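Chemist: Whatever this is, show me its structure:
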Amino acid sequence: MYKHYFKFVLAAFFFITGVITKAQTTVPYYNTFDNPLDGADWTHYAISGNDDWTFTQAYGSYTEAWKTGYSDVQQPGERVLETPAFNLTGVIDPVFTFNHRTSASNGDYFKLEYSIDNGTTWLILDNTAATKLNWQGASGFFTGYTAATKSSISLTFLNNPASVKFRFRCLTNFSTGFGWVLNDIYLGPKIINFTAQPALNITTAVTCATFTVSANVIFTNTFNQAASLTTKYFLSANTTLDPLDLELGTKTGMTGGGAQQWDKELSLPASTQPGNYYILYKHDNDNAVAESNEEDNTGMAQLTVKPVLSTPYFENFETPGPNSWDAYISQYANDDLLWDLGQAWRHHYTGAHSGTHAWHTSNTFYYDTSFIQPQWVESPFLDLSQSTGPQIISLWASGDHTFTIQYNTDCSSTWTDLATTGGGAHEWYPIVINLPDAIATLPSVRFRIQYQMVYTLPEGVAFDDVYIGPDKPDVVISGINNDRFTLSSDPEMSFSYSLLNSTNNYYDEFTSHTKFYWSADDVLDTNDPLLGTKQEADPNQTLEFLTTYTFTKPTTAPGTYYLFCKMDANNEHDERQEDNNVVRFKVNQQQLASFPYFNDFETEANNWEHSSTLTADDWHWGTASGATVNSTAFSGSKALIAANSNGRITPMSRMHYYSPIFDLTATDNPVMEFDMHYIMNISGSSLLEEDGGVSVSCSTDGGQSWFDIYNELATSNMWLRYTNYNRENGLDEHQRYENSTLHYNSNLQLKPSNAYNGRDCDRTTHYVANLSDFKQYDNVRFRFNIGLKNNTTEPDLTGNTECTVLVDNFSIAESTKDLTVKYSKELQISALSQKIKFFMHVSNQGNSATNLTNAKFYVSTDTTLDASDYYLGETLLNPVRPDNSAYINTAFSAPDNLDDYQYLIYELDANNANIETNKTNNIGAWPLALNSQETYPYTNEFDDIVVNGWHQYCTATVNSTTLNNNYRMRNTRAPNEYLSSVYDNYYPENGIFATERINPPYFSNDAQAFYLESPSFNFTTANTSNPLFVSFEFYCMGRGGSDEIGTNSDGGTMQYSIDGGTTWNVLEDPAHTFYWHFFDDFIIDNLDTNGWHHSQPVYVQASCSLAFLAGQPDVVFRYKYCSKAQNSDEHANGLRIKNFKIGVDEELAVKEMSKNSLFTYYPNPVNDVLNLHAATPINNVAVYTITGQKVVEKIAHDSNVQINLSGLSKGVYLAKVTAGNKTETAKIILQ
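Modeler: Okay, the predicted model is just below:
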């Protein structure tokens, strides 16, 4: 801190003396080394050892400085840093001073020397008679100045030489400290100076006898010596000290070095009138001290003298004036002022309670810190002594945080807490506090509302309409909204509203009358008909209660109208606030919607209305467009869209779209459906709550209250519950709700359409909710709500780049159920098989969950189910949610004459437990396709959603035949499932058969096993002149290298069967021509065979000869994988298979790998140089051994790259090539 004061004084000193500091040898000389050239005329060299003086940003310094050592370890050596030569002739009382830090070991030293013979001889800079500060002794400076330290010495003993140089001499012996850091060198006359600092602004009242001027004075002197200081204070009408100013007092005291608090209590002249003044104060007014700068001794404080206002007092902040409220922040805070006067613009407090102005802290939006110093808004001075009886302070507040009301009495500087209140309310609410008797009679009292931010991402508070004075009633209607509605077919309207009397005291026989008016516009005038008058029930104290007034509507024509309520219409009470007795409600009157109802919004959006309750309303009916909204609707071209002119939703907004009105009393089980694009920021599977989202609410009382549509999981789709895949049990778990505090009262948010909804969800854009809870109501309206914040730092940006909403195909109709299987596939099983294995997905195309039922299965000679078909068995079919599927994976014993049958027939809901809209699609047939694969080459890239002939399943343990249908191997990702690289544990891209994430019992031998079985292959038709082979790419990963698990805890292998899957054998390649197994004799204990284990997380091309199977009529292959190790983000266990092929030329397996989608390469096998070519320039090529050791790497930026492999041993390697933003791997054979 001293450094900055020192610089300030020196700058003024140099300005006054006219010295230009850039001449380095001119005195006075001051160098901060803040610029790279500041040390250009300094020299350094080694006396012995290393010269490691550097000019850099050094330890403990925020700017450039001189420092020894290249790191925190000092090398042995003695080195010096030498200044330019200076001329001290004529300099009065010269001094040398600098800032430094030191850190070294015993035996090291830091010394400062001087020379007056141009460096021929050097002497230690010291003198016993000289004035010094933190100076060196014979052995040098203290070696432990870890904090910045100023050292100074008077140079009068040098007798003003015409040339003097200084050098800093440092000796270290393998010191572990940071060395010597030097900065802020000054050579010149001794400095002594008082600098006035601005004082805090002062607010006082005409009745206050005294006030305090609070300011700092900075006393700068070379040796930090104390001095006597006298300061005089003056009252002035302007900022200039002149003879017309009134002297108020004097302060005398001792000052030390640096900044010092310098406060003075002064008397306010009795004749002072309200207004703005200045307190001017001058240090060393009588010039008792000869200073380096006499021009910086005067300071100023702004003095505001306010009148004392009488009570009762009321302020609505609509016309702020000189006697209104002012906002302040703690003098110790470095934060910006949060308080603002105007329209609040946060989600929990909007606008103002009355008019257009309220005090609010909406600026918290700009802060993501968890703490801000107290800030407050301060009232004028009030005289409470003229009022009688109990006195109160009342105000209206809103917001999610508490605040403190404080008071100050008798012009003191002490504030006392009156109450901490508020918080958790999203609408304006009254606060009424009785004033203590001790202050209720005082002539000068101030109040303030103090807010402090003490948690991350707060919204803050707002307050309005402050009353101070005797307690009075104030009858108000709360919860005013503009989304009331009524049916045009109803001649009467029952209007519900919340009434309260915001007071702390009970009034006997309190009566109040309210008058109601109907208007075609939003202005109440004499042309508006009176609907009637109601005597209200006794609304004593602050109890809020719901009441209703029923009236005959002047018109039943559809349209928008306004209902005015005039409270205390007969002026029966003297209220705290008389200008809030008339309130207005917007009422939408429309015809009843038809049932069932469907609207694709192509031709109309009749009786759909939209509005905003915070900033922008981006809802509209039209054609989708923009940067992130889908460019087309779900049907046709039009929909309900939330997007501004830039195609995005405006940040810091809350908007609503209202449906038509429905009568559900004649329905049995009504259901709401709609399609929606609703994209939000999602972390993992969680919505970022602070960003907001979409909710759907409902009103059954004409819009007086709105509440969430809560649906249990079984009756809805894409509604409230968020979905996670649980690798502990293999289930999709719909676990939790997400609230949004950006709507009203923390609404439950709908799941975004970019969220994961489970493996068996057909789509994530179709939303379904059961409405059976509302079928007793004849006046039901629904509302889409969007509450959006976003993670930008400006509330007025053009839009959020993530959130978009589009609603289409809205319907309300009776519930339906429809079970079906949406696809067909060939089983392609072996005619020798003793089991018929298959899996399928039973979809519910209705809008309501099905009942528990069953499914029966048969084999048949045709596609018609009849009595001649062979019954295999049945399986339980659990309830299926709308727009979802039930997953079945089962196996039945095959008939002995399996080859007599051609089809598998399924019968869904065989026991007729469900009433369905279509029963004809409950029965279907899949071809068995026995031994159908007999043409080669056979290839399967697994890109199809339905893969014919391949069957996957999981067993409870590796040695069990009991199916575990929770886990699967899949070749497609579910909608919005997390796409992964091969390094992590999420599901991979489509076109790869992959095991799902799994956590077996911890290090247990009872781990689940995955299987993937191929179709049955007939090799009697293969061309035997060339040997058969099988090839594929795979990735096998586990944690077998961990000591606590064991090296044989996980792995995968490939097996074959020639008897329809009754017995299985490991597919061996004794020659290891293409490195079929990673280890010659490695046994995976979970598999009891050798196999692949813990490969690098890259895909590997495998190929194996099938020559020994030539002529076999019925061959089935299967992959098997098991792991005892826990899956984690760091260790992604699993087996993944792609690009499967059976061919008739083993060499072809390698040749075909010579062309990838990304690059081509040749020759393969290779002897020395491998050539690679890609359309996109290749960035990097890395070559690995098959166990993952990197042996060659080349950085390239060319489409043609050569890699020299001549230094490697013969064998199989993996070449990993990166071109652009894509990476692919190929297997290379070096011979």
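
Chemist: longest strand of the protein?
Modeler: Within the chain, and with DSSP state E defining each element, the longest strand by residue count is strand 1169-1185.

Chemist: buried residues in the helix or strand following that one?
Modeler: Elements were assigned by DSSP states H and E; along the chain past strand 1169-1185, the next helix or strand is strand 1190-1204. Judged by neighbour count (16 or more other C-beta atoms under 10 Å), strand 1190-1204 contains these buried residues: 1192, 1196, 1201, 1203. Quick note: C-beta positions are derived from backbone N, CA and C, even for glycine.

Chemist: sorry, back to before: contact partners of the longest strand of the chain?
Modeler: 1096, 1098, 1158-1164, 1190-1206, 1208, 1211, 1213-1220, 1222, 1228 (C-beta atoms under 8 Å, 6 or more residues apart in numbering).

Chemist: Direction included, what does it pair up with?
Modeler: If you go by DSSP bridges, strand 1169-1185 pairs up with strand 1159-1162 (antiparallel), strand 1190-1204 (antiparallel), strand 1211-1219 (antiparallel).

Chemist: can you pull the buried residues of that strand?
Modeler: Buried residues in strand 1169-1185, counting neighbours by 16+ other C-beta under 10 Å, are found at 1170, 1172, 1174, 1178, 1179, 1181, 1182, 1183, 1184.

Chemist: Equivalent analysis for stretch 1209-1223, please.
Modeler: When burial is assessed from 16+ other C-beta under 10 Å, stretch 1209-1223 yields the following buried residues: 1212, 1213, 1214, 1215, 1216, 1217, 1218, 1219, 1223.

Chemist: ok, so of those residues, who is nearest residue 32?
Modeler: Taking C-beta to C-beta as the measure, residue 32 sits nearest to residue 1218 out of the buried residues of stretch 1209-1223, at 48.2 Å.

Chemist: OK, contacts around the closest one?
Modeler: Listed by C-beta under 8 Å, 6+ apart, the contact partners of residue 1218 are 1178, 1179, 1180, 1181.

Chemist: And the third one, how far from residue 1201?
Modeler: Read that as residue 1180. 9 Å (C-beta to C-beta, to the nearest Å).

Chemist: anything in contact with each of those two?
Modeler: Between them, residue 1180 and residue 1201 have residue 1194 as joint contacts when contacts are counted by C-beta under 8 Å, 6+ apart.

Chemist: which residues does residue 674 form a beta bridge with?
Modeler: Beta-bridge pairing of residue 674, defined through DSSP bridges, involves residue 767.

Chemist: Look up how far residue 782 lies from it.
Modeler: When distances are taken as C-beta to C-beta, residue 674 and residue 782 turn out to be 10 Å apart.

Chemist: now residue 1036
Modeler: In this structure, residue 1036 lies at 52 Å from residue 782, with C-beta to C-beta as the measure.

Chemist: for residue 919, same thing?
Modeler: Separation of residue 919 from residue 782 (C-beta to C-beta): 32 Å.

Chemist: ok, the two, which is more surrounded?
Modeler: When residue 919 and residue 782 are compared for neighbours, residue 782 comes out ahead with 23 against 14, by other C-beta atoms under 10 Å.

Chemist: Secondary structure element holding the more buried one?
Modeler: Remark: residue 782 resides in strand 780-788, with elements defined by DSSP H and E.

Chemist: still on that earlier bit, how about the contacts of residue 1218 in TSV, adding distance to residue 358 and pLDDT?
Modeler: Supplementary listing: the contacts of residue 1218 in TSV, determined by distance: C-beta to C-beta, whole Å; pLDDT from 0 to 100:
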residue	distance to residue 358	pLDDT
1178	63	90
1179	58	87
1180	60	88
1181	66	91
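
Chemist: Closest one of those residues to residue 383?
Modeler: The closest of these, once distances to residue 383 are taken by C-beta to C-beta, is residue 1179, at 79.5 Å.

Chemist: Looking at the contacts of residue 1218, which two lie furthest apart in space?
Modeler: With distances taken as C-beta to C-beta, the most widely separated pair in the contacts of residue 1218 is 1179 and 1181, at 8.7 Å.
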